[in-house]
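[1] After the sequence you'll find the predicted model.
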Amino acid sequence: MNPIPLRPGRRNGAFTLFEMILVLAIIAILIGLGIYHLSGTEDTANIVRARADCKTIAMTLTQYKVRHSRLPTQGEGLAPLTKGPDGSSLIKQEALTDPWGQPYQYRNPSRKGNGSFDVFSAGPDGQPESPDDVY
């Protein structure tokens, strides 16, 4: 069979270089916009994770209180949760580190007034008692 000859002015179905560059430029712009809109999500995710971790640690402290009839003292901090007197632990040591690599803070008695203790992250700046603390 002989191929059908092309008529003048008719395209044979292939993309031109210009069309390919145009499509790639559009894709690059869309990817750039997506990255721009997602740039703040890591900060938000870290804050959400820190809040969830604080709630988990607070529940673990409640379990500790049930087992030992007391909460850890301010001086003991959160360490007793990882090393029980019988060798068992209620929580892993890694769980006591916030998303910014700092240890979670523990206060007993509470200064915030939400219970008998406070568990919080010092936040992105790593300084407790600052405006970016996460409870």
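    That came through, no problem.
[2] ok, the residue sitting nearest the centre point of the chain - contacts?
    The chain has Asn46 as the residue nearest its centroid, 3.2 Å off, counting by Cα atoms, centre = their mean. Contact partners of Asn46, counting by Cβ atoms under 8 Å, 6 or more residues apart in numbering, are 99-100, 124. Quick note: C-beta positions are derived from backbone N, CA and C, even for glycine.
[3] So how do I select the buried members of the residues you listed in ChimeraX?
    Those of those that count as buried under 16 or more other Cβ atoms under 10 Å are selected in ChimeraX with:
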select :99,124
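[4] Next step: the contacts of Asn46 restricted to strands.
    Members of the contacts of Asn46 lying in strands (criterion: DSSP state E): none.
[5] continuing past the longest helix seen in the chain, what's the next helix or strand?
    Assignment by DSSP state H gives helix 41-68 as the longest helix of the chain. Once helix 41-68 ends, the next helix or strand along the chain (criterion: DSSP states H and E) is strand 105-107.
[6] and that following strand, what does it pack onto?
    In this structure, strand 105-107 makes packing contacts with strand 118-120, judged by 3 or more Cβ pairs under 8 Å, 6 or more residues apart in numbering; DSSP states H and E.
[7] Okay, now the sheet partners of the strand it packs on, with direction.
    Using DSSP bridges, strand 118-120 pairs in its sheet with strand 105-107 (antiparallel).
[8] give me the low-pLDDT residue ranges for the chain?
    For the chain, the stretches flagged by pLDDT under 70 are 1-13, 84-87, 113-114.
[9] and with 90 instead?
    1-26, 28-45, 63-64, 66-68, 74, 82-95, 108-116, 123-133, 135 (pLDDT under 90).
[10] so how far is Leu30 from Gln63?
    In this view, Gln63 and Leu30 are 49 Å apart by Cβ to Cβ, to the nearest Å.
[11] Secondary structure element for Ile35, which one?
    Using DSSP H and E, Ile35 sits in helix 17-38.
[12] from the chain's centre, how far out does that helix sit?
    Distance of helix 17-38 from the chain centroid (Cα atoms, centre = their mean, to the nearest Å) equals 28 Å.
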